[in-house]
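In: no letters, just coordinates:
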DNA sequence: ACCAACTTTGGAAGCGTTTCCGGAGCTGCG
DNA sequence: CGCAGCTCCGGAAACGCTTCCAAAGTTGGT
């Protein structure tokens, strides 16, 4: 038994012939080591837990995709934990369902507060944060403030002075801070450009396309609507675009729209946006896990760069005289 | 130990007071049963494997979302296996990485052939197919042919006679049959409507928005382009829409577009489509797993209904005289 | 008051590995 | 030719549970 165990585990001190014999027998019997017994006897679980607040949103799915790829390559299994609303969240940190089941935990885009961190510590495993802004753990993310600046600065550069912002919050957890950097960026960019702040130009809605559409409606209901809109995320921007179309406004002639993320549909919708390498971040988080598991010290965290992708949804504002748009036309569609 | 075990497992024959004492102690020590040891000693793994060919595509992510929800509710863990390209696939079925690690396996939207089925049988666990057309296992899916008919029949009903089809194949596995029912439906609908088949009107491309755009370009390059296009999936339809917009064609006045899936963006893009309850299918698959694990006999499989969702991308064809469109206008955007 | 039947408890035997350790066989050097 | 020092191999303990079984304690009917 001992020898077979060594042979299967590829340990030294097994004669080549013997090893071959063991392997052959295993093949013949379609034998695989029982992971349970193996772990019981000492090894690691070879499993990594991944916690996501939303599974079917592109951002999280893409992140998971990258993560899974590198973990799978390292022969680690991925255990998926969906922590959607506040109840799930509470339950997750109280029961710690991943306890004793994983060697490491990756938390995707989910702020973790101090009491929660204490609970996680109980698990006694490595923790990596991806797509979030948790400084307490090694992390991989973008600089939200920088990304926001790229978006808003672009609008400012084009000459816009009346810029609206559609900010988002998590529909399930309205009190979470979702990317506060993106909001901060807006304020800073305007201040720096000497544009006075107008609270009416900021609309905060739950994340989602339909919400984005509503938000845009609200902006259009202002006596003087903005000439450009900065949305916290592409999906929200898509919604805004729908409202503008329905209103018969032309993009970008009448109003510019910029998003963040570079969602695959942004290309199809010709949306100017700030691209972030989502899948890549997942991969990097995976590598980070591997390194941690390999015993290397915690890296400091990685911030990946974002970049403005200019498409057809932004342009300089129409000259003063043409606003509101001269000739109203029927919806283009 | 025996008593504690029973108390923790909620088995009978433990005095209420004793049980309480055990639970209290466990709480105090932040103790959790070691799943490994527990399984070793006899239990199930309480884990379900999920095999998906694409993680970040909405369809698969939504399916996974529903599945995870019901499995999590039943306190089962979800082990994620991404089987993307042919190499992954080969490797998965050869090594069976989920072997001995799960009590059941859910295969999402992935045809499995006979030799592969033999390999899976080796795992000796329940298998459920979701979103695919595998009759060999209990399954949950839609009737692709019926969905296709709903889409094409709608176009026919509107009066279209020249209807194009954008069919898709899996970019990673060009030889897989992807929803052959959707193709069959097209042929049947046309035949039934007495419309002669024109092979030039069918374009097959790898799945994806950009591919859809290319496909539409090809259709537009025909001497007489179609007056309506049936896309196998919404994402492909989005691409087609982009091409049409760039060509300055109006939807639906100049050309109608219909997709399948009811992707969340379909609503935002005002795309007529055939809706299928994706998340729901995941949930149903999850329930099916639960039932199987509970020892109930294999159900026969469930086919969930689809329904046409009419939005703004379809309309009766322009009268003959106006095709090609009378006044070419600049791109509407 | 006695016995059958039941409830509750704890002892002990696995479950399938890994790893420590000692023994057997071989090699090479003095 | 003898012995130190290797390489291999296998016995056995340990990992942390679950469950079978027997023992002890309780209850209720007669």
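Out: Here it is on my side, so go on. Remember, predicted model here, so these are calculated numbers, not experimental data. Numbering: from 1, shown residues only, chains lettered A, B, ... in the order given.
In: show me what from the stretch 1-150 of chain A comes close to chain B.
Out: Residues of the stretch 1-150 of chain A found near chain B (CB under 8 Å from any CB of the partner chain) are A:30, A:32-37, A:39-40, A:45, A:47, A:50, A:54-58, A:60-62, A:64-65, A:68-69, A:72, A:75, A:77-82, A:96-97, A:99-101, A:122. Yep, even glycine has a C-beta here, placed from its N, CA and C like the rest.
In: now a ChimeraX select for only the buried ones of these.
Out: Restricted to buried positions by 16 or more other CB atoms under 10 Å in any protein chain shown, the ChimeraX selection for the residues of the stretch 1-150 of chain A next to chain B reads:
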select /A:32,34,35,36,39,40,45,47,50,54,55,56,57,58,60,61,62,64,65,68,69,72,77,78,79,80,81,82,96,97,99,100,101
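In: tell me which residue in the stretch 51-200 of chain A sits closest to DNA strand D.
Out: Residue nearest to DNA strand D within the stretch 51-200 of chain A: residue A:100 (7.9 Å; CB to the nearest atom of the strand).
In: from the chain's centre, how far out does stretch A:291-305 sit?
Out: 18 Å (CA atoms, centre = their mean, to the nearest Å).
In: oops, could you answer that again for stretch A:61-68 instead?
Out: The answer for stretch A:61-68 is 10 Å, by CA atoms, centre = their mean.
In: quick one: buried residues of stretch A:149-164?
Out: Neighbour count says stretch A:149-164 has A:149-156, A:158, A:160, A:162-164 buried, by 16+ other CB under 10 Å.
In: farthest pair in those residues?
Out: A:150 and A:162 (19.5 Å; CB to CB).
In: quick one on the thing from earlier: so which of the buried residues of stretch A:149-164 is the closest to residue A:196?
Out: residue A:162 (10.2 Å).
In: what parts of the stretch 201-333 of chain A come near chain B?
Out: So the stretch 201-333 of chain A meets chain B at A:209-210, A:213, A:238-239, A:241-242, A:250-252, A:264-265, A:267-270, A:279, A:312, A:332-333 (CB under 8 Å from any CB).
In: go again using 6 Å as the cut-off
Out: Applying CB under 6 Å from any CB of the partner chain, we find that the stretch 201-333 of chain A lies next to chain B at A:209, A:238, A:239, A:242, A:251, A:265, A:268, A:332.
In: next, format these as CSV and append distance to DNA strand D and secondary structure.
Out: Converted to CSV, those look like this (distance: CB to the nearest atom of the strand, whole Å; DSSP: H, G, I helix; E, B strand; the rest coil):
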residue, distance to DNA strand D, secondary structure
A:209, 46, helix
A:238, 49, helix
A:239, 49, helix
A:242, 54, helix
A:251, 60, coil
A:265, 48, helix
A:268, 52, helix
A:332, 65, coil
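In: will you turn the residues you listed into TSV that also has neighbour count and distance to residue B:130?
Out: Below are those laid out as TSV (neighbours: other CB atoms under 10 Å in any protein chain shown; distance: CB to CB, whole Å):
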residue	neighbour count	distance to residue B:130
A:209	22	25
A:238	28	28
A:239	27	30
A:242	22	31
A:251	24	39
A:265	22	25
A:268	25	27
A:332	18	39
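In: looking at the residues you listed, which one is closest to DNA strand C?
Out: residue A:265 (46.7 Å).
In: for the closest one, give me the pLDDT.
Out: Confidence at residue A:265, expressed as pLDDT, is 97.
In: show me what counts as buried in the helix or strand hosting residue A:184.
Out: Using DSSP states H and E, residue A:184 maps to helix A:180-192. Across helix A:180-192, burial judged by 16+ other CB under 10 Å covers A:181, A:182, A:183, A:185, A:186, A:188, A:189, A:190.
In: contacting residues around it?
Out: The contact list for helix A:180-192 (CB atoms under 6 Å, 6 or more residues apart in numbering or on different chains) reads A:144, A:145, A:148, A:149, A:152, A:153, A:165, A:167, A:232.
In: just give me how far that helix sits from the chain centre.
Out: Using CA atoms, centre = their mean, the offset of helix A:180-192 from its chain centre is 20 Å.
In: just the mean pLDDT for the helix or strand following that helix, thanks.
Out: For helix A:180-192, the succeeding helix or strand toward the C-terminus, using DSSP H and E, is strand A:202-206. Mean pLDDT, strand A:202-206: 96.
In: dump the residue contacts of the residue of the stretch 151-300 of chain A found nearest DNA strand D.
Out: Going by CB to the nearest atom of the strand, DNA strand D is nearest to residue A:293 of the stretch 151-300 of chain A, at 19.8 Å. Listed by CB under 6 Å, 6+ apart, the contact set of residue A:293 reads residue A:103.
In: what pLDDT does it get?
Out: 91.
In: against residue B:53, how distant is it?
Out: Distance, residue A:293 to residue B:53, by CB to CB, to the nearest Å: 27 Å.
In: low-confidence ranges in the stretch 101-250 of chain A?
Out: Under the criterion pLDDT under 70, the flagged ranges of the stretch 101-250 of chain A are A:133.
In: residues from it in reach of DNA strand C?
Out: Remark: no part of the stretch 101-250 of chain A is in contact with DNA strand C, using CB under 7 Å from any atom of the strand.
In: what ranges do the strands span in the stretch 101-250 of chain A?
Out: A:104-108, A:126-130, A:139-142, A:163-169, A:202-206, A:228-231 (DSSP state E, counting those that start in this stretch).
In: what number of residues lie near residue A:28?
Out: Using other CB atoms under 10 Å in any protein chain shown, residue A:28 has 8 neighbouring residues.
In: ok so it is a strand residue?
Out: No: the assignment for residue A:28 by DSSP: H, G, I helix; E, B strand; the rest coil gives helix, which leaves it out of any strand.
In: residue contacts, it?
Out: No contacts exist for residue A:28 under CB under 6 Å, 6+ apart.
In: measure it to chain B for me?
Out: 13 Å (CB to the nearest CB, to the nearest Å).
In: next one: residue A:130
Out: For residue A:130, the distance to chain B - CB to the nearest CB - is 14 Å.
In: okay, and the beta partners of that residue?
Out: residue A:108, residue A:140 (DSSP bridges).
In: if we can go back for a sec, hmm, which two among the contacts of helix A:180-192 are most spread apart?
Out: A:153 and A:167 (17.4 Å).
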